[in-house]
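Asks: need a structure here:
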Amino acid sequence: MKKKEILFIGGILVLALVLWAGISFFYKGQYGSITITVDGEEYGTYSLGKDQTISINDTNVCEIKDGKAHMISATCPDHLCMKQREIDEKGGTIVCLPNKVVIEGNKSADSTDSSDELSIDAVT
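Replies: Below is the predicted model:
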């Protein structure tokens, strides 16, 4: 390789590193929240930005860690709620039917949802 080629490749790598660091810095700290309901009544709303463990009526335990929430313990017989996908800043839902516990992810205020905006397609 020639000296110019090495400098060019090095410049591209430095530029990519700077862009990656800038994007990581910009999106850091933009967490949503979760709302927990038990038997249709709101139990509480918790930020995904704070690591914590939440005991829900001695039946379920929800853990928030690294901006994601998941069920770590449940008294239900099938434990399907513990196998469901984690909730993050994009939203999601965890449901424990036997214990009537629902955890809903609320999108962060900075994330945009195309369904909230007026859109025009080719038909209208």
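
Asks: For residue 46, which non-adjacent residue is spatially closest?
Replies: residue 34 (5.4 Å; Cβ to Cβ, 6 or more residues apart in numbering). Every residue, glycine included, has its C-beta placed from N, CA and C.

Asks: Against residue 89, how distant is that neighbour?
Replies: Residue 34 sits 10 Å away from residue 89, going by Cβ to Cβ, to the nearest Å.

Asks: now residue 51
Replies: Distance, residue 51 to residue 89, by Cβ to Cβ: 15 Å.

Asks: Looking at these two now, which is surrounded by more residues?
Replies: Here residue 51 and residue 89 are compared on neighbour count by other Cβ atoms under 10 Å; more neighbours surround residue 89, at 20 against 11.

Asks: shared neighbours of residue 34 and residue 89, anything?
Replies: Both residue 34 and residue 89 are contacted by 48, 105, under the criterion Cβ atoms under 8 Å, 6 or more residues apart in numbering.

Asks: Going by residue numbers, what spans are helices in this protein?
Replies: 3-27, 80-83 (DSSP state H).

Asks: Of those helices, flag the one that's most buried.
Replies: For the helices of the chain, the largest average neighbour count (mean count of other Cβ atoms under 10 Å) is found in helix 80-83, namely a mean of 16.

Asks: hmm, who's touching that one?
Replies: 60, 70-74, 94-97, 99, 101.

Asks: wait, what's in contact with residue 91?
Replies: 32, 104-107 are the contacts of residue 91 under Cβ under 8 Å, 6+ apart.

Asks: Which of those fall within strands?
Replies: 104-106 (DSSP state E).

Asks: if we can go back for a sec, measure the residue nearest to residue 46 to residue 58 for me?
Replies: 19 Å.

Asks: cool, and residue 10?
Replies: Applying Cβ to Cβ to residue 10 and residue 58 gives a distance of 59 Å.

Asks: related to what we said a few turns ago, the residue nearest to residue 46 - how many residues pack around it?
Replies: Residue 34 has 24 nearby residues by other Cβ under 10 Å.

Asks: Could you do residue 66 as well?
Replies: Neighbour tally, residue 66, other Cβ under 10 Å: 8.
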